[in-house]
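A.B. asks: take this sequence and fold it.
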Amino acid sequence: MISIIIPVYNQAEKLIKTLKSIAVQSYTDYEVIIVNDGSTDNVEKIFADYFKQMSSSNSYTFLNQENKGAPAARNRGYQESKGEYLFFCDADAVLKPEALEVMISHLSLSAASSYVYPSFYWGKKLFKGRDFDAELMKQAPYIHTMALIRREDFPKNGWDESIKKLQDWDLWLTMLANGKVGFYIPQVLFTVAPGGTISTWLPSFAYKLLPFLPSVKKYQAAVKVIKEKHGLI
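C.D. replies: Model prediction:
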């Protein structure tokens, strides 16, 4: 079974679109755990109203907690989950109907891999993945949070709740340090709506030619935090 864990903070309307895309998945052996991270947009009622209209045999759990950030919300969901596979799904993502089936099929065939990850769209911008490369992983992030992970290979301490930015990179580096690697699926399997977890995007040249931009400074500061933690500086 796949445990689909969705942290949500003030994205009630987007969450419903995410849930609708999950409801039509071709792979149906899953549970859904939603963790409300202190939202103020009435997300619990909106979910309850949507849930009343559903006709599903799958397990849905809705949890509330005070605002602690996405890593803490993901950890709370993980602690409540039961699946052999973990899928940390953003509340602003819409999955293609075949997404879960494609990912679990590839992970089943790749015994040496602890997780699989696809390409995706952020709005109309294509974020094309690439084959797993451990050395490249140590240099820069290139794998999104929404990968399908074997539960037995997920870090015992879960997500680092002290990391505020580049949380996905931190997770994959932690797993790499434990000898766990990923496998790239060369397909687009979901779309992320702009304005959420990936709030801004800059072309790669901006990080070299425009270091004075506030967004570039914040990104570089976050990179330094991750590299220092993992001994990459």
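A.B. asks: any regions of the chain where pLDDT drops low?
C.D. replies: Applying pLDDT under 70 to the chain flags the ranges 195-216.
A.B. asks: now do the buried residues in the top strand by length along it.
C.D. replies: Across the chain, the longest stretch assigned as strand under DSSP state E is strand 182-192. For strand 182-192, burial by neighbour count (16 or more other C-beta atoms under 10 Å) applies to 182-185, 188-192. Just so you know, the C-beta spots here come from the backbone N, C-alpha and C atoms, and that holds for glycine as well.
A.B. asks: just the CA atoms of that strand, as CSV, please.
C.D. replies: Below are the C-alpha coordinates for strand 182-192, written out as CSV (Å, rounded to 0.1, in the frame of the first residue of the first chain):
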residue,chain,number,x,y,z
GLY,A,182,17.0,6.9,-6.6
PHE,A,183,15.8,6.1,-10.1
TYR,A,184,14.6,8.6,-12.7
ILE,A,185,11.3,8.0,-14.6
PRO,A,186,11.5,9.9,-17.9
GLN,A,187,7.8,10.9,-17.8
VAL,A,188,5.8,13.9,-16.6
LEU,A,189,3.5,12.6,-13.9
PHE,A,190,2.2,15.7,-12.2
THR,A,191,1.7,19.4,-12.3
VAL,A,192,2.4,21.9,-9.5
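A.B. asks: quick check: which helices or strands does it pack against?
C.D. replies: strand 93-95, helix 99-109, strand 115-122 (3 or more C-beta pairs under 8 Å, 6 or more residues apart in numbering; DSSP states H and E).
A.B. asks: and those as CSV, adding distance to E84?
C.D. replies: Below are these laid out as CSV (distance: least, C-beta to C-beta, whole Å):
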stretch, distance to E84
strand 93-95, 19
helix 99-109, 10
strand 115-122, 13
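A.B. asks: out of the ones you listed, which gets nearest to D131?
C.D. replies: strand 115-122 (10.6 Å; C-beta to C-beta).
A.B. asks: what strands flank that closest one, and is each parallel or antiparallel?
C.D. replies: Sheet partners assigned to strand 115-122 using DSSP bridges are listed as strand 125-127 (antiparallel), strand 148-150 (antiparallel), strand 182-192 (parallel).
A.B. asks: tell me which of the ones you listed lies nearest to S114.
C.D. replies: For S114, the closest of the strands paired with strand 115-122 is strand 148-150, at 5.3 Å, according to C-beta to C-beta.
A.B. asks: roughly how far is that closest one from the heart of the chain?
C.D. replies: In terms of C-alpha atoms, centre = their mean, to the nearest Å, the centre of strand 148-150 is set 11 Å apart from its chain centre.
A.B. asks: quickly list the domain ranges of the chain.
C.D. replies: The record's domain split for the chain, according to automatic domain parsing, is 2-198, 202-233.
A.B. asks: give me whichever of those is most buried.
C.D. replies: Burial of those is given as mean neighbour count (mean count of other C-beta atoms under 10 Å); domain 2-198 ranks first at a mean of 18.
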